[in-house]
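Peer 1: Could you look at this predicted model? Sequence included:
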Amino acid sequence: MLLENIRILKKYVNFRLKSKPRGGHGIHSPFVYDLYTNCIDTKQKEAIFEKIETLRKELLKNTNHIPRSNFGFGTKVIDFSEPTVGSVIKNSSTPPYMGQLLYRLAKYLKPQSVIEFGTSAGFGAMYLANGNLNAKVTTIEGDTNLAKIAQDNFNKLGLNNVTLINGDFEMELPNILASTEKIELVFIDGNHSEEATMRYFKLFSERSSTETLIIFDDIRWSVGMENAWNTICKDKNVSISIDLFNCGMVFFRNGIVKQHFNLRYSPF
Ligand SMILES: C[S@@+](CC[C@H](N)C(=O)[O-])C[C@H]1O[C@@H](n2cnc3c(N)ncnc32)[C@H](O)[C@@H]1O
């Protein structure tokens, strides 16, 4: 764990040295400049954020145990006992600053379809769905107990643009691709292995259009995830890749020179 923390710290120092300062100075792509200054790096608060975070506070206090999941709960914390609901939420849910970014991306880009891999308790999906209430959000979670918690959260917020599928990504992917007319916003936040990430990228990028955005969470989760991210950035169909350190985004926009950006976005 210590070596892993040192690896990430080194990466972070390197990232800070290479990344553009906040404010958008030095971003020469009009598309990326606008996206950064009017969407990614704004601190605008919305009333819905508080409602979502009230649900998180309640769940963090939940000391009920849930059976260990075959899907690993999406956390690096090694715990051989049955975790509590609160600890799963603490260690694997999308944090508020990342949720707010998802909300703003959905609001700014107005995708008609949103697909999330890895629902957990539904925090990412709640931010995405509220960012564009007209979007059809499909979110997939393998663990049945987490899927129930997520559905309960969607009901509490009265969200009727979210479809939750309790299943395995691999099994559900063909149906999802077949039933989604245009792939517009995809958030991949589960099964963080190099092979799986590359497979999901390939399948979604084959269906991409100029409007498609794919967001990969935890691109520095492991050496394998970093390899996948670096390969994805070089893919000939990717026109814009944006590295925010914890997550990465790729666009497939037509008529734009291929470019990579390291941009700062943090909770601070
Ligand atoms: C990091 S968590 C997702 C966090 C969530 N996006 C949020 O906004 O809070 C990853 C989730 O992916 C699920 N998962 C991992 N591999 C999966 C697979 N192959 N099929 C279905 N679910 C999977 C895990 O059960 C876990 O709940």
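Peer 2: Okay, I see it.

Peer 1: Write out the residues of the stretch 1-150 of the chain neighbouring the ligand.
Peer 2: On the criterion Cβ under 6 Å from any ligand atom, the ligand has as its neighbours in the stretch 1-150 of the chain the residues 69, 71, 73-74, 92-94, 116, 118-120, 123-124, 140-143, 146. From N, CA and C alone the C-beta is placed, and that goes for glycine too.

Peer 1: In helices only, show me the residues you listed.
Peer 2: Counted as lying in helices by DSSP state H, out of those, are 92, 123-124, 146.

Peer 1: Going by neighbour count, which residues in the host helix or strand of Leu105 are buried?
Peer 2: Leu105 is part of helix 96-109, with elements assigned from DSSP states H and E. By 16 or more other Cβ atoms under 10 Å, the buried positions in helix 96-109 come out as 98-109.

Peer 1: go on, stretch 23-38?
Peer 2: For stretch 23-38, a neighbour-count test (16+ other Cβ under 10 Å) marks 24, 27, 29, 32, 35-36 as buried.

Peer 1: Kindly report the same for stretch 210-222.
Peer 2: Neighbour count says stretch 210-222 has 211-222 buried, by 16+ other Cβ under 10 Å.

Peer 1: Put together CSV for those residues, with distance to the ligand on each row.
Peer 2: Converted to CSV, the buried residues of stretch 210-222 look like this (distance: Cβ to the nearest ligand atom, whole Å):
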residue, distance to the ligand
Glu211, 22
Thr212, 19
Leu213, 16
Ile214, 14
Ile215, 10
Phe216, 12
Asp217, 7
Asp218, 7
Ile219, 13
Arg220, 14
Trp221, 9
Ser222, 13
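
Peer 1: Val13: which of the residues you listed is nearest?
Peer 2: Looking at the buried residues of stretch 210-222 and their distance to Val13, the nearest is Arg220, at 12.5 Å (Cβ to Cβ).

Peer 1: can you pull the pLDDT of the closest one?
Peer 2: As summarised for this prediction, Arg220 has a pLDDT of 94.

Peer 1: what's the answer for the one 3 residues further on, then?
Peer 2: For Val223, the model assigns a pLDDT of 93.

Peer 1: Please renumber the chain so that the first residue is 750 from this point on.
Peer 2: Sounds good: first residue 750 from here, last item Val972.

Peer 1: Name the residues linked to the residue lying closest to His1009 once chain neighbours are set aside by a beta bridge.
Peer 2: Taking Cβ to Cβ, 6 or more residues apart in numbering as the measure, His1009 lies nearest to Ser990, with 4.8 Å between them; neighbours along the chain are not counted. Partner residues in beta bridges with Ser990, using DSSP bridges, are Val999, His1009.

Peer 1: contacting residues for Gln793?
Peer 2: Counting by Cβ atoms under 8 Å, 6 or more residues apart in numbering, Gln793 makes contact with Arg853.

Peer 1: how near is it to Lys859?
Peer 2: As for Gln793, its distance to Lys859 is 16 Å (criterion: Cβ to Cβ, to the nearest Å).

Peer 1: Kindly report the same for Asp938.
Peer 2: According to Cβ to Cβ, Asp938 stands 21 Å off from Lys859.
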